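K.L.:
Build me a model from this:
(chains A and B)
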Amino acid sequence: MNIWLVMFLGGLITFGMRFSFIYLFGRFHIPETLRRALHYVPPAVLSAIIFPEILIHDGKLALTLGNDRLLAGLVAVLVAQWTKNTLLTILAGMAALLVLQFVVR
Amino acid sequence: MNEKMSMFWSGVREEVPLLVGVFPFGMIYGALALNAGLSLAASQMMSSIVFAGSAQFITAQLVHDAAPGLVIVLTIAVVNLRHMLYSASLAPYLEKLPVRWKILLAYLLTDEAYAPTALKFEREGASPLGHWFLFGAGLALWSTWQISTGLGIFLGAAIPQNWPLDFALPLTFIALVMPVLRNRPAVMAALSAGLVALLAYNLPFKLGLILAALTGILVGTMLEGRRSSRRTL
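P.N.:
Next comes the predicted model:
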């Protein structure tokens, strides 16, 4: 699928969800279970992306100290936990990866 | 200054503190989208066509991983489901507006425009000019997002190609996920989604991502259900 079509459909769906209740007010309600489920969308989707990105190397599971992205990812986890700052987390993780790739190895 | 304009500017003013965080985020998005392989025009236009921060970062990541378009669209839909809640929450206050206003305000309804508006409406109740506040907050955010995206694309193009900048995307997701892991159901949702994503990594069409996300959402919801039913016993 062409990237422009992907963006157009993604944008249309996003707009549709933002428009839904504003337009249809009073005609139906969000079920309680769906409301509860929405809390778990961010941790689930983000982790589903993060885990393979840092743990899979060349198509295989790489749970070793030789995996630079795993180590740099762990640095980022710690910095995120301590500072709660997006920019600092990215900078610390990138710095860790660069040091591992260009200095240590 | 008439009342509409004063309502509009009070929306802009209450949005400003949020913009301080949005600006660097937009710049990071611009730089990373370009680096992930999106064209200059697509990187910039996504900020107005999709206009949703985390969904845009995730789209860039999935384009970088060569995921099929349908999987990307599905993921955007799941990630942006929360906007239905915002829509439901503001709907009673916007009920009497003409449809063209509803369309405009729905387009501008992001996390950052919702937050100050919901607080304002809850504090002061329905008012005939309240929608001008949301319009001000939304437009301030929209303009900032477009400009910061452009600046990020401009700066991103100057970063050497051999730098592993693609890694900044998962790092962004780490920064976003850590603060939401506040209780056991959320932690278990994250861990189960991560585990399924690893186990299902080799499924075709990146379907492992969708499967993992749905598993995490299900695990979190069920654990919370059990917890709250225990509490009522």
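K.L.:
And chain B, split by domain according to the record?
P.N.:
Chain B is divided into the following domains under automatic domain parsing: B:3-156, B:181-232.
K.L.:
can you tell me which of the ones you listed the model trusts least?
P.N.:
Note on the domains of chain B: lowest mean pLDDT is at domain B:181-232, with a mean of 89.
K.L.:
can you give me the offset of that domain from its chain's centre?
P.N.:
Computed by C-alpha atoms, centre = their mean, to the nearest Å, the separation of domain B:181-232 from the middle of its chain amounts to 20 Å.
K.L.:
Just put the domains of chain B in TSV and tack on mean neighbour count.
P.N.:
Yep, even glycine has a C-beta here, placed from its N, CA and C like the rest. Listed next are these as TSV, based on neighbours: other C-beta atoms under 10 Å in any protein chain shown:
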stretch	mean neighbour count
domain B:3-156	19
domain B:181-232	18
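K.L.:
Reformat these as CSV; add distance to A:Leu98.
P.N.:
Shown next, in CSV, are those (distance: least, C-beta to C-beta, whole Å):
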stretch, distance to A:Leu98
domain B:3-156, 15
domain B:181-232, 25
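K.L.:
Of all these, which one is nearest B:Thr172?
P.N.:
Distance to B:Thr172, taken as C-beta to C-beta, is lowest for domain B:3-156 among these, at 5.7 Å.
K.L.:
returning to that earlier point: ok, which of the domains of chain B comes nearest A:Pro43?
P.N.:
Nearest to A:Pro43 among these is domain B:181-232 (4.0 Å), distances taken as C-beta to C-beta.
K.L.:
anything in the closest one near chain A?
P.N.:
Yes - under the criterion of C-beta under 8 Å from any C-beta of the partner chain, chain A is reached by domain B:181-232 at B:181, B:185-187, B:189-198, B:201-202, B:208-209, B:212-221, B:224-225.
K.L.:
The residue lying closest to A:Val77 once chain neighbours are set aside: how many residues sit nearby?
P.N.:
Using C-beta to C-beta, 6 or more residues apart in numbering or on different chains and skipping residues adjacent in sequence, the residue nearest A:Val77 is B:Ile174, 5.8 Å away. Counted by other C-beta atoms under 10 Å in any protein chain shown, the residues lying close to B:Ile174 total 29.
K.L.:
what about the helix or strand in which B:Ile174 is found, average pLDDT?
P.N.:
B:Ile174 is part of helix B:168-177, with elements assigned from DSSP states H and E. Across helix B:168-177, the average pLDDT comes to 90.
K.L.:
Which other helices and strands does it contact?
P.N.:
helix A:41-55, helix A:68-83, helix A:86-98, helix B:3-35, helix B:53-64 (3 or more C-beta pairs under 8 Å, 6 or more residues apart in numbering or on different chains; DSSP states H and E).
K.L.:
any chance of these in CSV, plus distance to B:Trp142?
P.N.:
Listed next are those as CSV, based on distance: least, C-beta to C-beta, whole Å:
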stretch, distance to B:Trp142
helix A:41-55, 22
helix A:68-83, 28
helix A:86-98, 20
helix B:3-35, 10
helix B:53-64, 12
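K.L.:
So for A:Met1, which of these sits nearest?
P.N.:
Between A:Met1 and these, the shortest gap by C-beta to C-beta is with helix B:53-64, which sits at 10.9 Å.
K.L.:
didn't A:Asn2 look like it was pressed against B:Gly69?
P.N.:
Yes - using C-beta atoms under 8 Å, A:Asn2 is in contact with B:Gly69, at 7.2 Å.
K.L.:
Next, the nearest residue to B:Met7 once chain neighbours are set aside: secondary structure please.
P.N.:
With C-beta to C-beta, 6+ apart as the criterion, B:Met7 has its nearest non-adjacent residue at 3.9 Å, and that residue is B:Trp132. Following DSSP: H, G, I helix; E, B strand; the rest coil, the label given to B:Trp132 is helix.
K.L.:
Return the set of buried residues in the helix or strand of chain A with the lowest mean pLDDT.
P.N.:
Within chain A, no helix or strand scores below helix A:32-38, which has a mean of 85 by mean pLDDT, DSSP states H and E. Neighbour-count burial for helix A:32-38 flags A:Arg36, A:Ala37, A:Leu38 (criterion: 16 or more other C-beta atoms under 10 Å in any protein chain shown).
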